[in-house]
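Asker: Got a predicted structure here, sequence first:
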Amino acid sequence: MRNEAFDPDYFNKLDWNSLAEGTTFVLPAGKTYVLNSGETVIEFAHSVHFVTPQTLEDYPTFSFDNAFRIVEGGVVDKVTFKRINLRASKSLSEVADNSLSGKQVICPESDVFLINTIDFTNCYIENFRSIVRSKKATGNVGAIAFKECTINAIGNQGIVSTDGKMEITSMMSLLMSVLSLIFAVLQICGIVAAERVCRLQTLHSVMRRWKTPSYSG
């Protein structure tokens, strides 16, 4: 992609179903890509990796009009974001309540899906209602990791949200990440022994209690 003419709608124009398993997009520094704009809905059918090489320039930006989704019945081994600014297209200055932009990075709408791993490394993540959200009890995400990320301004659904319908992750880890949440709420909801368990904690109390920031559900 670094040798191609820049197109901010590049990802909206792809045929995502035709991509090979494990496709890696090597991103050019300093560019901004608009995702899921208008009627476009990007649904992952295979593992996909978005990576920026080491650079002294600004990282590229993904500007989200709406979240990435997963195809119905999809099994995706891994989704990777590395050295990218992830922001909602709605600016923080336009925020009117604690839902912030009202958007997510990944929010599957399918009834049945599986993502084994979602990995964020060296990313700046800002102004989402939630970063990863699952709406369906029959969907599942195996593990989510944030490594050396800066997370700023996450709204009332929390970093990871399940609507309390299922246990979304077997593991969520925050490794060497800087958490600077204006609306700083971490919400992890699960079903344990047929009873709904919901822990709602401010990130400040979470970080005080965790010697090594990590969550195991």
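Answerer: Thanks, I have the structure now. Numbering: from 1, shown residues only.
Asker: When you work out contacts or count neighbours from here on, use the C-alpha atoms and nothing else.
Answerer: Noted.
Asker: Quick one: the helices in the protein, in order.
Answerer: Using DSSP state H, the helices of the chain run over 203-209.
Asker: looking at it, which helix or strand is least sure?
Answerer: Least confident helix or strand of the chain, by mean pLDDT, DSSP states H and E, is strand 195-202 with a mean of 33.
Asker: Next one: L27 relative to V160, how far apart?
Answerer: With distances taken as CA to CA, to the nearest Å, L27 is found 26 Å from V160.
Asker: Flag the shaky bits of this structure, pLDDT-wise.
Answerer: Along the chain, segments meeting pLDDT under 70 span 2, 163-172, 174-217.
Asker: Recalculate using a threshold of 50.
Answerer: Applying pLDDT under 50 to the chain flags the ranges 181-217.
Asker: Which single strand of the chain contains the most residues?
Answerer: Longest strand in the chain, counting residues (DSSP state E): strand 150-161.
Asker: Mind listing the strands that one pairs with, and their directions?
Answerer: In the sheet, strand 150-161 lines up against strand 124-133 (parallel), strand 178-180 (parallel) (DSSP bridges).
Asker: Pick the most buried one from those strands.
Answerer: The highest mean neighbour count among the strands paired with strand 150-161, using mean count of other CA atoms under 10 Å, belongs to strand 124-133: a mean of 25.
Asker: Check the offset of it from the chain's centre.
Answerer: When distances are taken as CA atoms, centre = their mean, to the nearest Å, strand 124-133 is centred 6 Å away from the chain's centroid.
Asker: what does stretch 109-117 give?
Answerer: Centroid separation between stretch 109-117 and its chain, computed with CA atoms, centre = their mean, is 14 Å.
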